[in-house]
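Asks: Below: sequence and its predicted model.
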Amino acid sequence: MIIQRVEEANWLSNAYLVVDEPGGKGVLVDSNAVTDPLAERAEREGTEITHVLLTHHHYDHVVAVRQLADRFGAPIVAHELTADLIDAKVDETFADGDVIETGGLRIEVMHTPGHSADHCALKLNDTDVLTADVLFKGTVGGTRAPGATGFADLKSSVMDKLMKLPPETRIHPGHREPSTIGEEWENNPFIRIWRGLDEEGSEPCTVGPPDAEERDEATLVLWAPDYDGGNKAWVRFPDGSDAIVGGSQVKRG
């Protein structure tokens with residue numbers, strides 16, 4: 001199996017080509033407006049692209065997906081909720097536990113809400129998993145953007161689904177570099193707190209858009225690096241609810 005990614009320079013979002021072997025059968029996963037290197041490799045090697053799969057509906061993962069699918073005459077396949085949230089026509093839908101088989105590829109759908117209701121990870125041949133925007137190298141997805149289903153869902157998607165995979169499983173996230181389940185189990189700061197290895201923080205903070213005059217009081221449970229070179233924060237509000245937000249939304253102290 002071959003997995004190749006391209007990363008868009010502004011969003012840092014990834015799109016993927018997954019093939020069973022050069023000149024065999026494969027799929028494209030997500031579309032980020034810079035997919036030409038993936039498409040050109042498939043065409044150059046004579047790979048038959050049988051599906052264009054989407055992990056979730058956010059724009060930086062679906063932009064120009066119809067053009068990409070039409071280039072190969074392949075169907076766009078996504079969660080049924082994704083079909084209602086994007087402009088491009090979704091040709092087929094999948095659900096949690098569904099398996100897509102093409103050539104030597106076995107792709108299992110894992111519904112992983114939290115970052116968005118339609119979010120899915122895709123397990124490849126039991127050795128790799130495309131985690132999209134729920135789990136990244138060293139961090140996790142946000143839970144406060146429009147369409148997010150919240151902290152509890154994201155934690156469950158990470159801990160009850162992804163972290164149950166074998167530690168040697170390679171992860172390929174929706175932004176930036178790959179990692180492994182074992183590396184994230186040991187070193188991801190969010191997972192370390194969820195495992196009870198590290199303590200929660202108690203620093204006061206406020207949460208809101210950087211230029212907002214009115215901001216929400218909160219407690220900073222965790223201040224950690226994010227995939228874009230900034231920070232990601234786990235915050236707790238006075239009503240006891242939790243959220244994971246970008247560091248730019250947090251004012252500390």
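Replies: Received it, and whenever you're ready, just let me know what you need.

Asks: Please state the offset of stretch 137-148 from the chain centre?
Replies: Relative to its chain's centre, stretch 137-148 lies at 9 Å (C-alpha atoms, centre = their mean, to the nearest Å).

Asks: biggest strand in this structure, by residue count?
Replies: strand 216-225 (DSSP state E).

Asks: Now do the following helix or strand past that strand against strand 216-225, angle only.
Replies: The C-terminal neighbour of strand 216-225 among helices and strands, as given by DSSP states H and E, is strand 231-236. Strand 231-236 and strand 216-225 are oriented at 140 degrees to each other (axes from the mean of the first three to the mean of the last three C-alpha atoms, to 10 degrees).

Asks: which outside residues touch strand 231-236?
Replies: Outside of strand 231-236, the residues that reach it under the criterion C-beta atoms under 8 Å, 6 or more residues apart in numbering are 139-140, 142, 190, 193, 205, 207, 218-226, 242-247, 249-250. (Each C-beta comes from the backbone N, C-alpha and C, glycine too.)

Asks: What residues of the longest strand of the chain count as buried?
Replies: 218-224 (16 or more other C-beta atoms under 10 Å).

Asks: what sits against the nearest residue in space to residue 147 that is not next to it in sequence?
Replies: If you skip the residues right next to it in sequence, residue 147 has residue 116 as its closest partner in space, 4.6 Å away by C-beta to C-beta, 6 or more residues apart in numbering. Residue 116 is in contact with 56-58, 133, 145, 147-149, counting by C-beta under 8 Å, 6+ apart.

Asks: The same query, at a cut-off of 7 Å, please.
Replies: Shown in contact with residue 116 (C-beta atoms under 7 Å, 6 or more residues apart in numbering): 56-58, 147-148.

Asks: mind checking the SS state of residue 148?
Replies: Classification of residue 148 by DSSP: H, G, I helix; E, B strand; the rest coil places it in coil.

Asks: Could you do the one 4 residues further on as well?
Replies: When the structure is reduced to helix, strand and coil (three-state DSSP), residue 152 reads as helix.

Asks: And residue 42, by the same measure?
Replies: If you use three-state DSSP, then residue 42 falls in the helix class.

Asks: How many residues are close by it?
Replies: Here the neighbour count serves as a burial measure; for residue 42 (other C-beta atoms under 10 Å) it reads 23.

Asks: Surely it is in contact with residue 17?
Replies: Yes. Counting by C-beta atoms under 7 Å, a contact exists between residue 42 and residue 17, whose distance comes to 6.2 Å.

Asks: what's the overlap in contacts for those two?
Replies: residue 26.

Asks: How much space separates the residue in the chain sticking out farthest from the centre from residue 207?
Replies: Ranked by distance from the centre of the chain (C-alpha atoms, centre = their mean), the top residue is residue 213, with 31.5 Å. Here the distance between residue 213 and residue 207 works out to 14 Å (C-beta to C-beta, to the nearest Å).

Asks: Also residue 123?
Replies: Between residue 123 and residue 207 the computed distance is 34 Å (C-beta to C-beta).

Asks: and residue 103, how many neighbours does it have?
Replies: 16.

Asks: Identify the residues contacting the residue nearest to it when sequence neighbours are not counted.
Replies: Spatial nearest neighbour of residue 103, excluding adjacent residues (C-beta to C-beta, 6+ apart): residue 25 at 3.0 Å. Contacts for residue 25 were tallied using C-beta under 7 Å, 6+ apart; they are 19, 47-48, 50, 102-103, 105.
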